[in-house]
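1. dropping a prediction and its sequence here:
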Amino acid sequence: MQRKAYVPGVAALLAALLAGCTGGSEGGATADDSNPGQPGVATETVEPGKYRTLPEPCGAVGDKMLDALLPGIEEIADEEQREKAYAGEPTLAYDTDRKVGCRWKVESAEATDHLFVDFERVVSYDGAVSDDSEAERLFAQQVEAADLPEPVVSGSGSAASDSPSGSSSLSSGEAGESADAGPSGEPPTGAGGTPSSSASASSSTDASPDATPAEVQPRLLDDLGDEAFVDDEPGKSGPTATRRTVTVAFRTSNVMVTIEYAEQSATLGVVPDSEEMQDKARKLASQLADSLSG
């Protein structure tokens, strides 16, 4: 009889122990939740970039576009050499899903033209930074390296600086007016009330034909990809003909595309036309952006 009374007591003790274990398990879950990073706890991740692959670079530029960019290509008499010129030369690539490029070079009686197209797919290895954000950061570095000039401001207003200091600057014409103006702000006059020679010189300087028009100066572009810019660098004059290089670069999502289009005239002293070269390079950039989006 005493043993029968003892067994229920043991059962009660076991039940209490089991209840304690259950409570400990719930407490453990609470402790895990309060310590992010513990195994089994989900962490927030960013979405991968839109693009997982890159186009074949030498096939990305069509024959008609090459005809426009490299005028001498159609004049190549040898058929095999002409086909080789259209095919281009791919750049060395260790990972064609990350970075690829292609080069073309064509000589003619008028000029020698070069074209280089580069595609780079950006991948972020930081789980807290998206591919797009990393591509945006790298493209900002590319813009900074291009060292684009401040935008030209038309009218009487001064151009605000885009430099980190945020300081403003005066154009050459405005600086001349400031130095030559009288106390009332009017330009100084000579005998008979005519403008002085210094004021006339300042006016002549403002209308200098050598000034780069705003529409062809290196600048940011707002009609290409997510962000873009165009750079234009004429080579220095020397014993050989001047070479001009136009660069158009843009980013769309996590892919950055760079186009370098260069031309060297065969005639000494002749500088390739900036507006024409920029127009051709931008048309190619627009086609490449459309092909990526398609």
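-> All right, it came through fine.
2. what number of residues lie near Asn254?
-> Residue neighbour count, defined by other CB atoms under 10 Å, stands at 24 for Asn254. For every residue, glycine as well, the C-beta is placed using N, CA and C.
3. hang on, it packs against Thr53?
-> No: taking contacts as CB atoms under 8 Å, Asn254 lies outside contact range of Thr53: 11.5 Å.
4. and the strands in the protein?
-> In the chain, the strands defined using DSSP state E lie at 89-90, 99-107, 111-121, 159-160, 168-169, 219-221, 227-234, 243-252, 255-265.
5. quick one: closest of those strands to Glu74.
-> When the strands of the chain are compared by CB to CB, strand 99-107 sits nearest Glu74, at 9.4 Å.
6. give me the sheet partners of the closest one and which way each runs.
-> In the sheet, strand 99-107 lines up against strand 89-90 (antiparallel), strand 111-121 (antiparallel) (DSSP bridges).
7. what about the residue lying closest to Arg82 once chain neighbours are set aside, distance to Glu107?
-> Of all residues not flanking Arg82 in the chain, Ile76 sits nearest, at 4.0 Å (CB to CB, 6 or more residues apart in numbering). Distance, Ile76 to Glu107, by CB to CB, to the nearest Å: 9 Å.
8. repeat that for Val246.
-> 19 Å.
9. same thing with Ala68?
-> As defined by CB to CB, Ala68 lies at a distance of 17 Å from Glu107.
10. tabulate the strands paired with strand 99-107 (CSV), appending mean pLDDT, mean neighbour count and distance to Leu268.
-> Converted to CSV, the strands paired with strand 99-107 look like this (pLDDT from 0 to 100; neighbours: other CB atoms under 10 Å; distance: least, CB to CB, whole Å):
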stretch, mean pLDDT, mean neighbour count, distance to Leu268
strand 89-90, 97, 14, 29
strand 111-121, 97, 21, 12
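11. same list (these) but as JSON lines, adding distance to Val270.
-> Conversion of the strands paired with strand 99-107 to JSON lines gives the following (distance: least, CB to CB, whole Å):
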{"stretch": "strand 89-90", "distance to Val270": "27"}
{"stretch": "strand 111-121", "distance to Val270": "9"}
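12. residue ranges in the protein under the pLDDT threshold?
-> Residue ranges of the chain with pLDDT under 70: 1-44, 152-212, 236-241, 294.
13. could you pull out the helices in it for me?
-> 2-33, 63-69, 79-87, 131-146, 172-180, 197-206, 274-293 (DSSP state H).
14. okay, now Gly88: neighbour count?
-> With neighbours defined by other CB under 10 Å, the count for Gly88 comes to 21.
15. roughly how far does it sit from Gln287?
-> From Gly88 across to Gln287, the span is 15 Å (CB to CB).
16. verify the contact between Asp63 and Ala85 for me.
-> No: with contact defined as CB under 8 Å, Asp63 does not count as touching Ala85 (10.5 Å).
17. okay, Val246 and Glu107: which has more neighbours?
-> Val246 (25 against 16).
18. for that one, which residues are in contact?
-> Neighbouring residues of Val246 by CB atoms under 8 Å, 6 or more residues apart in numbering: Val230, Asp231, Asp232, Glu233, Glu260, Tyr261, Ala262, Ser274, Met277, Gln278, Ala281.
19. now do Ala285
-> Leu224, Ala228, Val248, Phe250, Val257, Ile259.
20. the last one pairs with what?
-> Residues found in beta-bridge contact with Ile259 (criterion: DSSP bridges) are Val117, Val248.
21. with respect to Ala128, which of the strands paired with strand 99-107 lies nearest?
-> Across the strands paired with strand 99-107, Ala128 has its closest neighbour in strand 111-121 (19.9 Å, CB to CB).
22. the residue nearest to Ser133 when sequence neighbours are not counted: neighbouring residues, count only.
-> What sits nearest to Ser133 in space, not counting adjacent residues and going by CB to CB, 6+ apart, is Ser124, at 6.9 Å. Residues lying near Ser124 (other CB under 10 Å) number 18.
23. gap between Ser124 and Thr45?
-> To Thr45, Ser124 is 11 Å away according to CB to CB.
24. picking that back up, using a markdown table, lay out the strands of the chain together with distance to Pro151.
-> Listed next are those as a markdown table, based on distance: least, CB to CB, whole Å:
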| stretch | distance to Pro151 |
| --- | --- |
| strand 89-90 | 37 |
| strand 99-107 | 30 |
| strand 111-121 | 27 |
| strand 159-160 | 7 |
| strand 168-169 | 12 |
| strand 219-221 | 7 |
| strand 227-234 | 12 |
| strand 243-252 | 18 |
| strand 255-265 | 22 |
